[in-house]
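Asks: Quick one, what's the 3D model for this:
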Amino acid sequence: MSLNLHQDVSMAETDDGAVLLHQRTGRYWQLNPTGVFVLKTLLDGCTDEQTADELAARHRLDSDAARRDVSKLVAQLRAAHLLIEAR
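Replies: Got it, this is the predicted structure:
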């Protein structure tokens, strides 16, 4: 499944990651550099598994742990209505 930022969400990269702003609600979310990598990889069309595998390879992490972390971040971004399925 391909993902997009919600149409009301903007992202601004910072020196230490990025900030997501849901313009309709006014709520901000801050992502660290790893979170930005995960989000950008997903937005580029990679699956959760592909993203987790790339994360594990980059940081020499356990693949299962990377998959759990990616799944958790995706769930949190979806719950906050920041991330939606692409059409």
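
Asks: How about residues contacting whichever strand or helix holds Leu39?
Replies: Per DSSP states H and E, Leu39 falls inside helix 33-43. With contacts defined as C-beta atoms under 8 Å, 6 or more residues apart in numbering, helix 33-43 is touched by 3-5, 11, 13, 16-18, 31, 48, 50-51, 54-55, 58-59, 69-70, 73-74, 77, 83. Bear in mind the C-beta positions are built from the backbone N, C-alpha and C, glycine included.

Asks: Mind giving me the packing neighbours of the top helix by length along the chain?
Replies: With DSSP state H setting the assignment, residue counts place helix 63-79 as the longest helix in the chain. In terms of contacts (3 or more C-beta pairs under 8 Å, 6 or more residues apart in numbering; DSSP states H and E), helix 63-79 is packed against helix 33-43, helix 48-59, strand 83-85.

Asks: Can you spell out which helices and strands pack onto the last one?
Replies: Counting contacts by 3+ C-beta pairs under 8 Å, 6+ apart, strand 83-85 is packed against strand 3-5, helix 63-79.

Asks: What of the second one?
Replies: Applying 3+ C-beta pairs under 8 Å, 6+ apart, one finds that helix 48-59 makes contact with helix 33-43, helix 63-79.

Asks: my read: Leu3 touches Val70, true?
Replies: No - the criterion here is C-beta atoms under 8 Å, and Leu3 misses it with Val70 at 11.4 Å.

Asks: who's more crowded, these two?
Replies: A count of neighbours by other C-beta atoms under 10 Å puts Val70 above the other of Leu3 and Val70, at 26 against 19.

Asks: so what's the more buried one up against?
Replies: Val38, Asp48, Thr51, Ala52, Leu55.

Asks: now these in a markdown table, with pLDDT?
Replies: Formatted as a markdown table, the contacts of Val70 follow (pLDDT from 0 to 100):
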| residue | pLDDT |
| --- | --- |
| Val38 | 97 |
| Asp48 | 94 |
| Thr51 | 97 |
| Ala52 | 97 |
| Leu55 | 96 |
